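>>> fold the following.
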Amino acid sequence: MTKNPFDQFSKQFFKECLSPLGEVKISEEIPGEPRFVDIWFTPSTQPPVEDLPDLGILARIAETPCLLEPFRKQPTKWEIRSCVGKLVHLEAELRREGKRDEDTLSEDELPRLWIISTTFSDELLSKLPAHRDSSWPDGIYFVGEVFLTRIVAIDKLKRIPETVWLRILGKGLTQKQAVEDVVALPKGNPKRSKILSLLYTWKLNIGISPENDNEDREELVMNLSQAYLEWEQETVERGKEIGKEIGKEIGKEQGQRQVVENLLLFRFGALDPELEAIIPFILALPPSEFTPVLMQLSREELITRFTTSN
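Prediction:
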């Protein structure tokens, strides 16, 4: 698994955003080829079972099968060719599968490649060449119909609600404004809290990873600080709310254990064996102590704290 904080964030980000729309595969290996695509998305053929958040341009991208290749820096010519190579090999594999199943793929069913970069110079765009499409906003470019390749130049996207879920992957002022836009969303927005949590984790990972140079590290810390503080405040507020509920839960059939399980489910979405194993040690603490601990520490920090101290 990659240790690069941006790679980790971008893959978790797209999985969070696109999972309600279809199947998201992360670091998927192309069968028969020593190649991995960052994000391979296939839209669902079933209607959504619930109202979906407005993902703007990202939702339009997800209308067709697609490979998503995000870059923190402008990709080199070789990296662009490598991405196109992945698309070609994936199409070949899909056509082989279709032939086995006696099913012929149409052009509309073929995957599109989306190269998403914090910046794309006009010079590089002209060398592809890539062109604008008036039906898409500024910052979106098409590399000819034959190649099924699209470019997202994040620094060229306008600051409008439709682009916020792409601008969050940008740099400098572009990212700073996107974080502000996410924080400004209503607190009931289904994506706001989840994305703030991912941004919070990204900021934590920056401090322990050697992948970022000092200039980029300082910029990221500044850009993500608002999300970091907002998430901390939300978890504290949520912890207080849950703390009030604890008194009501005590004395019920499952008592404090149910409260702890609910807290872990709220934070991490599921109870795996490692989390299950630390529940008895968490229950050794009074509710006033374990509530803020569960709301503020990461999964790894919780496991470390309650396994090394027992």
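
>>> and the residue nearest to residue 182 when sequence neighbours are not counted, what element?
Among residues not flanking residue 182 along the chain, residue 195 sits closest, at 5.7 Å (Cβ to Cβ, 6 or more residues apart in numbering). No exception for glycine: its C-beta is placed from N, CA and C like everyone else's. Using DSSP states H and E, residue 195 sits in helix 192-206.

>>> show me how far that helix is from its chain's centre.
Helix 192-206 sits 10 Å away from the centroid of its parent chain (Cα atoms, centre = their mean, to the nearest Å).

>>> and it, what does it pack against?
Packed against helix 192-206 by the contact rule (3 or more Cβ pairs under 8 Å, 6 or more residues apart in numbering; DSSP states H and E) you find helix 5-18, helix 172-183, helix 214-249.

>>> now the first one: buried residues?
Looking back up the chat, that one is helix 5-18. Going by neighbour count (16 or more other Cβ atoms under 10 Å), the buried part of helix 5-18 is 5, 6, 7, 8, 9, 10, 11, 12, 13, 14, 17, 18.

>>> for residue 285, pull up the helix or strand it's in.
Taking DSSP H and E as the definition, residue 285 sits outside all helices and strands.

>>> contacting residues around the residue nearest to it when sequence neighbours are not counted?
Leaving aside its sequence neighbours, residue 285 sits nearest to residue 293 (Cβ to Cβ, 6+ apart; 7.3 Å). Counting by Cβ atoms under 8 Å, 6 or more residues apart in numbering, residue 293 makes contact with 282, 285, 302, 305.

>>> what two of those have the greatest distance between them?
Maximum pairwise distance among the contacts of residue 293 (Cβ to Cβ): 12.0 Å, between 285 and 302.

>>> out of these two, which sits in the more crowded spot?
Taking other Cβ atoms under 10 Å, residue 285 and residue 302 do not tie; residue 302 has more neighbours (21 against 15).

>>> nearest to residue 147, of the buried residues of helix 5-18?
Nearest member of the buried residues of helix 5-18 to residue 147, counting by Cβ to Cβ, is residue 14, at 21.8 Å.

>>> returning to what we had before: mind putting the contacts of residue 293 into JSON lines with distance to residue 70 and secondary structure?
Formatted as JSON lines, the contacts of residue 293 follow (distance: Cβ to Cβ, whole Å; DSSP: H, G, I helix; E, B strand; the rest coil):
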{"residue": "282", "distance to residue 70": "36", "secondary structure": "helix"}
{"residue": "285", "distance to residue 70": "40", "secondary structure": "coil"}
{"residue": "302", "distance to residue 70": "29", "secondary structure": "helix"}
{"residue": "305", "distance to residue 70": "33", "secondary structure": "helix"}
